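J.: how would this look folded up:
(2 chains)
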Amino acid sequence: MSAHPDAIAAEVVTGLEVAVAAFADDGTFVFVNDAYHELFSASNPCVGSNIHVVFDYAPNATFFDALLATIADGESRVVRNHSRDHGRVYDNVVSRRPTCTVVEVRDVTDLVREAEMRGRLDEARRLTWSRASSYFLVVDVVGQHVTASDDLWKFWPVEELEAIVKDGTVLEGINNPTSYADPWIGLESASDGRVARAIAEVYSSGLEQQHRTVVPISPNDVRHLDVEWLPWIVDGVIRGAIMVGHDVTSQVLAEQREQLTAASMKHLLDRLPVTLWQVAPAQQTAWPLFPDRREVPDPLWGRPAPLATTFAFLSGESIGRLRAVVAGLGTGGQQSLTVSSADEERWLNLTVTLVEPESGGVDAQILVVASDVTDEVAEAETDRRMDHATHVMRFAQGVAHDFGNVAQVIGGYAELLAHNQEPLVVEQASVRLRSAALRAVDVSRRIAEIARVQQVVNGPVDLSELLMAQVSTLRDEFDPAVHLTLTTQPNLVAFAEALNVSSAVENLCLNAAEAMQNSGHINVDVSSIVDRGREYVQVSVSDDGPGIPPEVLDRVFDPFVTGRPTLGTGLGLYLIQEYLYSVGGQVTADNTDQGAVFRMRFQAARDGQSRIPGRPPRRGGEGAS
Amino acid sequence: MPGASPSTVLVVDDDDDVRALVVLYLQLGGFDVREAATVDDGLEALAVTGPDVVVTDLNFGADSADRLVRHCLEIGQPVLLMTASVETRDLSPELRSSVRILRKPFTLEELTEAVAQAQAPDVGRGT
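T.: Presented below is the predicted three-dimensional model:
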C-alpha cells in the first residue's frame, strides 16, 4: 500500500452505500476505507461513517489497467460486476482525474434483481406473445437438459410461467422435468450441437447476451425455430439460459420460395436441376428429355424412368420459351404450352411444376411433364382441312345454285318474251331481269373477295387497340337504341390483318343490330385464351337479340345461307370463316341465354414472332422454317 | 302441256325472281297457282290448298326444303324438285327415286311437262 496520499482524491455520492477505492498514478490500487480513511475525512467531510466495506471481490490491477486504458482524462464510466461470494451486484463508477482515478462502488443488487425480473418477464412475454407460434424453456448451464429447479421458481414464479408459456404441453412438461426434457434433447441432437454452443456462449460471455439462430428440429419434421437466448442469472451468477423459440417455419419457407422466383429462377434453370419428362399418355410411360442429368424417380408412376436420347428434341427457341414460362411461375405453379423441335416438328403439352425445396435448402426441382400431343394436333388439323374442303365444296354448290337461278331467270324471260309480249309479261321480265343482272354482279364480286382474303399479309396486330378504335367509330353509325360496348385488356397481339378483322367485326355487329331490330345491347369482347396448349386472342361479338334460329345454327357459316330472306347473298359469315381459316384461326356461333354470340379466334403472336406458326406438323422434316 | 286442267300447283321457293318466273310460267300454262316464300308458309298453304303438285327448290337457302319434301312424301303429295346444282349425289336414294327432279335452266315446256308427269301416279326419274 504505497500510494502517496497527495496523489489521491475522492468523490463521494451520498444516499447509496458507497465504497471508495483509489488508484495512484502508478496503478496501485488502495482501499480508501482502510488506509486513507483519515485523509478522506479531512478533505471531504461528506465521507464518513456510513461507508462500509463491500468491495470484497478482489479485483486486481490487471482488471483496472485494462479498464483505465479505455477511459480518457476527465471521463467517467460505469462498469457492472458481480460478487462471487455474496451474490451482490455492483456498479463501479470509474472516473479519471488529472492526478488520480476514483472508483465509486455502488451496491445495486436489489435494483438489478428487480429490474432483471421485470425486464425478463416483460421480454419473455413480448417474445412469446408477439408471434403466432412460440416455445419457451429454460436450460441449465450444463447445456444439456432443462432443469425446473427451485432456483428457477424463485425467479420465475409458477403463475408467471403459466402466463408466459402458451403451449399447454410444454407447460405440463415444466411441471414434470423428465418429460419436459425429452423433446428438447431431440432438438439438441438434431440441431447439431448448436444449442449447447449457444448456451456455452451465453455462459462464457459473462454479460447479457441474446443469441439468435435457426434450428431445424428434425429431418422428418422440418420446423424452423428462431431462438433467442437470455441469460438466466441467479444471485448475479449465470445459471443457465432462457430459450425462447419461435416457430418461423412458414416464414422461412416463404423466404425460400421468394428466392426461387423471378431473377433467381434463371440462375436455377441454368444450373438445371430441371428434369424434363416426355410422356406418352397412352402407354403411361415417361422418360427424361435430358438424360445427361441425374436420374430421378419417375414422378408420375414412382418407378425409375427409362432413359431415352431425346435431348435434341427441343429446339433452342422452345427451351427459351420454356424457361420464360418457368421464370414466371411460383412454387407449385403449373402452365401448359406447346413447343416444337428443330429436327422434327412435334407438339408437346408441357406442364411445368416447381417442386417444394428440400428441408432448409433452395434447391427446388423444376419438373416439366411433357405430353406429346402431335397426333391430336395433326388430327385437329386434318379435321380443319376437311372442314375447309367441305366448305369450299358447299361454296361451289352455292355459287352454282345462285348462277343457276340467274340463268333460269334470264333464259326463262327470254323464252317468254320471244312468244309473248303482253304488258304483264314485259313488265315483270323487265323487273326480274334487272334483278338477276345485279345478283350476278354481286356474286362475282363476293367470289373475288374470297380470293383476296386468302392473299392478305397477316402480321401481328394488337386487336385490343384496333377494336377500341373501331367500336367507338361503329357506335356512331348505329341507332341510338343500340348500345355497343367493348371489353378488353391491353396488348392482345395476334396474327391478323386489320382490315379483315375490322370488316368481320363490323359485319357481325351489323348482323346483331339487325337481329335485335336496332334496339338492344351488343358487346365486343377481346380476351386471351388457351385451348389445347395453344394461345389465342378471341374476339367475341354477343348480343341480347332473339338468337340464331336453331335450324340455321349449324349451317350459319355455309355460303348462301341467311337467316333473313331479304338481305344479302349470305356470303358475309362464310367470308369471315374463310378469312379465319386463312390465318389459322376459327369462328364459332352459339346461342346464349341472352342472345347470340360469335367467337373469332386468332393465333396469339409472341414477342419477336413474325410469322404464323406452321399449322400442319411435319414429321421428320428438315426443320422449322 | 298440262295433262288435266285446271290443276292446282303450289310453288315454294325463297328466291323471289325464280318463284315469280315459275308462277308466271305455270299461269301461262293454264295452272291454278299458289305460292309461298318459306317452308313454313309452304306447309300451311299445302294444308289449306291441297294442290295437285308442289314445286320447290332443292337448295332452299337458310331453311331446308327437305322438311317440306319429306312431309309431301309422307302424305303422298306429288312433288317436283327444281335444282341448279350439277350434282344430285347429296340426295338420299330414297328421295331420288321418289320425286321428280327438274334441272335449271328449264323451258316453259319442260316445266309444264314435268308438273304433269309429277302429277301422274308412276313417278319417273328426273330429266
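
J.: now do the strands in chain B.
T.: B:8-12, B:32-36, B:53-57, B:79-83, B:100-103 (DSSP state E).

J.: turn those strands into CSV, including mean pLDDT and distance to residue A:466.
T.: For glycine as for every other residue, the C-beta is placed from the backbone atoms N, C-alpha and C. Formatted as CSV, these follow (pLDDT from 0 to 100; distance: least, Cβ to Cβ, whole Å):
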stretch, mean pLDDT, distance to residue A:466
strand B:8-12, 94, 44
strand B:32-36, 93, 45
strand B:53-57, 91, 41
strand B:79-83, 87, 43
strand B:100-103, 85, 47
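
J.: could I get those in TSV, plus columns for distance to chain A and mean neighbour count?
T.: Listed next are the strands of chain B as TSV, based on distance: least, Cβ to the nearest Cβ, whole Å; neighbours: other Cβ atoms under 10 Å in any protein chain shown:
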stretch	distance to chain A	mean neighbour count
strand B:8-12	13	25
strand B:32-36	12	19
strand B:53-57	8	26
strand B:79-83	8	24
strand B:100-103	8	20
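
J.: residue B:69: which of the ones you listed is closest?
T.: strand B:79-83 (5.7 Å; Cβ to Cβ).

J.: just how off-centre is that closest one within its chain?
T.: 4 Å (Cα atoms, centre = their mean, to the nearest Å).

J.: paired strands for it, with orientation please.
T.: Strand pairing for strand B:79-83, using DSSP bridges, gives strand B:53-57 (parallel), strand B:100-103 (parallel).

J.: near chain B, which residues of the stretch 201-350 of chain A?
T.: Residues of the stretch 201-350 of chain A lying close to chain B by Cβ under 8 Å from any Cβ of the partner chain: none are found.

J.: any low-confidence regions in the stretch 201-350 of chain A?
T.: Low-confidence segments of the stretch 201-350 of chain A (pLDDT under 70): A:201-250, A:252-350.

J.: now do the stretch 401-550 of chain A
T.: If you take pLDDT under 70 as the line, the stretch 401-550 of chain A has these spans: A:450-458, A:532-533.

J.: which residues in it form strands?
T.: A:459-462, A:482-487, A:493-496, A:520-531, A:534-543 (DSSP state E, counting those that start in this stretch).

J.: and the first one, what other elements does it pack with?
T.: Strand A:459-462 sits against strand A:493-496, with contacts defined as 3 or more Cβ pairs under 8 Å, 6 or more residues apart in numbering or on different chains; DSSP states H and E.

J.: please apply the same query to the fourth one.
T.: Here strand A:520-531 touches helix A:463-477, strand A:482-487, helix A:498-515, strand A:534-543, going by 3+ Cβ pairs under 8 Å, 6+ apart.

J.: same check on the second one?
T.: Other helices and strands packing on strand A:482-487, by 3+ Cβ pairs under 8 Å, 6+ apart, are helix A:463-477, strand A:520-531.

J.: still on that earlier bit, between the helices and strands packed on strand A:520-531, which gets nearest to residue B:16?
T.: Per Cβ to Cβ, nearest to residue B:16 of the helices and strands packed on strand A:520-531: helix A:498-515, 19.1 Å.

J.: buried stuff in the closest one?
T.: A:498, A:500-513, A:515 (16 or more other Cβ atoms under 10 Å in any protein chain shown).

J.: just stretch B:20-40 next, same as before
T.: Those buried within stretch B:20-40 under the rule 16+ other Cβ under 10 Å are B:20-26, B:28-29, B:31, B:33-39.

J.: just the ones of these in helices?
T.: Among the buried residues of stretch B:20-40, the residues falling in helices (DSSP state H) are B:20, B:21, B:22, B:23, B:24, B:25, B:26, B:28, B:39.

J.: quick check: the third one vs chain A, distance?
T.: By that I understand residue B:22. 8 Å (Cβ to the nearest Cβ, to the nearest Å).

J.: that residue: what's it in contact with?
T.: By Cβ atoms under 8 Å, 6 or more residues apart in numbering or on different chains, residue B:22 lies in contact with B:11, B:13, B:55, B:82, B:111.

J.: could you dump these into CSV and include distance to residue A:581?
T.: Listed next are those as CSV, based on distance: Cβ to Cβ, whole Å:
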residue, distance to residue A:581
B:11, 37
B:13, 31
B:55, 37
B:82, 32
B:111, 40
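
J.: which members of those residues define the maximum pairwise distance?
T.: Between any two of the contacts of residue B:22 (Cβ to Cβ), the greatest distance is 12.7 Å, for B:13 and B:111.

J.: and these two? Which one has more around it.
T.: residue B:13 (26 against 22; other Cβ atoms under 10 Å in any protein chain shown).

J.: helix, strand or coil for residue A:588?
T.: strand (DSSP: H, G, I helix; E, B strand; the rest coil).

J.: report the contact partners of the closest residue to it other than its chain neighbours.
T.: Distances taken as Cβ to Cβ, 6 or more residues apart in numbering or on different chains place residue A:599 nearest to residue A:588, at 5.1 Å, with adjacent residues excluded. Contact analysis of residue A:599 by Cβ under 8 Å, 6+ apart lists A:538, A:539, A:540, A:587, A:588, A:589, A:590.

J.: is it true that the second one touches residue A:529?
T.: No. The pair formed by residue A:539 and residue A:529 falls short of the contact definition of Cβ atoms under 8 Å, at 10.8 Å.

J.: of those two, who's got more company?
T.: When residue A:539 is set against residue A:529 and neighbours are counted by other Cβ under 10 Å, the residue ahead is residue A:539, at 28 against 12.

J.: and residue A:437, how far is that from residue A:605?
T.: Residue A:437 is 44 Å from residue A:605, where distance means Cβ to Cβ, to the nearest Å.

J.: I misspoke; the intended subject was residue A:599.
T.: With Cβ to Cβ as the criterion, residue A:599 and residue A:605 are 19 Å apart.

J.: what do you get for residue B:24?
T.: 57 Å.

J.: so for residue 61, what's the pLDDT?
T.: Went with chain A since none was named. In this prediction, residue A:61 carries a pLDDT score of 47.

J.: that's the other chain; I wanted chain B
T.: So residue B:61 comes in at 55 (pLDDT).

J.: same question for residue A:156.
T.: So residue A:156 comes in at 40 (pLDDT).

J.: next one: residue A:601
T.: Residue A:601 carries a pLDDT value of 91.

J.: skipping its backbone neighbours, what lies nearest it in space?
T.: Per Cβ to Cβ, 6+ apart, closest to residue A:601 is residue A:536, 4.3 Å.

J.: the stretch 351-500 of chain A against chain B: which residues are in contact?
T.: Counting by Cβ under 8 Å from any Cβ, the stretch 351-500 of chain A sits next to chain B at A:397-398, A:400-409, A:411-413, A:415-416, A:420, A:425, A:428, A:432, A:435-436, A:439.

J.: now the buried members of the residues you listed.
T.: Neighbour-count burial within those applies to A:397-398, A:400-406, A:408-409, A:411-413, A:415-416, A:425, A:428, A:432, A:436, A:439; the criterion is 16+ other Cβ under 10 Å.

J.: okay then, goodbye and thanks.
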